[in-house]
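>>> Return atomic coordinates for the entry below.
(one chain, ligands or ions: 1)
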Amino acid sequence: MKKILLAGLIALTSLALAQSGASVYQQCQGCHQPTGAGIPGVFPPLAGHVPEILAAKGGREYIIHVLLYGLTGEISVKGAKYNGAMPAYGQLKDEDIAAVLNHISTQWGNKFPAGQKEFTAAEVKAQRAKPLTAAQVNAARKALGLQ
Ligand code: HEC
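Next up is the predicted model:
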């Protein structure tokens, strides 16, 4: 009985340490909005848009780079132009970045493209090996061919 209680306690503690994607998203919603719709011309939408990023060749690495290193300079999303600054979130733990990426990939009707799995902390960690500036992240975005 004591062992079961202890195991339960340990499980609860590790849950408390790892943030859920929804709780990490609270740091994003001031700009991208709780609905993921963004604000036209100011903050790009994530609803209906994250799956397009994931489906592009190199899109998974790119979206991890946006979280780790930020993004600045002009981009276009579904024909609308944005020219703002997305702050870098490299200070978050790998598992918290994976959690928020999984959140925005599966909320508001968003889905992973067929055959793609959830982001893992290891996948995020691997991208820390090659640091980029926010402007370099923008330059790499051009290769994705997003409209
Ligand atoms: C201060 C406002 C702000 C906050 C907070 C913010 N973002 Fe952003 N985000 C932006 C802006 C502005 C852009 C577009 C940057 C540009 O125009 O170059 C962007 C771009 C993005 C993109 C890339 C879209 C594309 O088409 O390439 C993703 C993905 C993203 N944000 C996710 C998030 C997540 C997840 C969080 C929270 C961890 C977050 N953002 C927090 C403002 C913000």
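
>>> What are the boundaries of the strands in the protein?
71-72, 75-77, 80-82, 85-86 (DSSP state E).

>>> Packing partners of the first one?
Taking 3 or more CB pairs under 8 Å, 6 or more residues apart in numbering; DSSP states H and E as contact, the helices and strands that strand 71-72 lies on are strand 85-86, helix 134-142. No exception for glycine: its C-beta is placed from N, CA and C like everyone else's.

>>> Could you rerun that using 6 Å?
Secondary-structure packing of strand 71-72 (3 or more CB pairs under 6 Å, 6 or more residues apart in numbering; DSSP states H and E): helix 134-142.

>>> What residues of the helix it packs on count as buried?
Using 16 or more other CB atoms under 10 Å as the burial criterion, the residues of helix 134-142 that qualify are Ala134, Val137, Asn138, Ala140, Arg141.

>>> show me the contacts for the third one.
With contact set as CB atoms under 6 Å, 6 or more residues apart in numbering, Asn138 has these partners: Leu71, Gly73.

>>> what pLDDT does it get?
Looking at Asn138, its pLDDT reads 98.

>>> distance of the spatially most central residue of the chain from the ligand?
In the chain, the residue lying closest to the centroid (CA atoms, centre = their mean) is Leu101, at 3.4 Å. Taking CB to the nearest ligand atom, to the nearest Å as the measure, Leu101 falls 7 Å from the ligand.

>>> Hmm, Thr120 and that residue touching each other?
No. If you go by CB atoms under 6 Å, Leu101 and Thr120 don't touch, sitting 9.9 Å apart.

>>> So is stretch 39-51 next to the ligand?
Yes. Against the ligand, stretch 39-51 shows contacts by CB under 6 Å from any ligand atom at Phe43, Pro44, Leu46.

>>> Filter those down to the buried ones, ChimeraX style.
In ChimeraX, this line selects whichever of the residues of stretch 39-51 next to the ligand come out buried by 16+ other CB under 10 Å:
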select :43,44,46
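
>>> Adding pLDDT, write the residues of stretch 39-51 next to the ligand out as a markdown table.
As requested, the residues of stretch 39-51 next to the ligand are exported to a markdown table (pLDDT from 0 to 100):
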| residue | pLDDT |
| --- | --- |
| Phe43 | 98 |
| Pro44 | 98 |
| Leu46 | 98 |
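
>>> which residues of this structure fall in helices?
2-17, 21-25, 29-32, 50-55, 59-69, 94-106, 121-127, 134-142 (DSSP state H).
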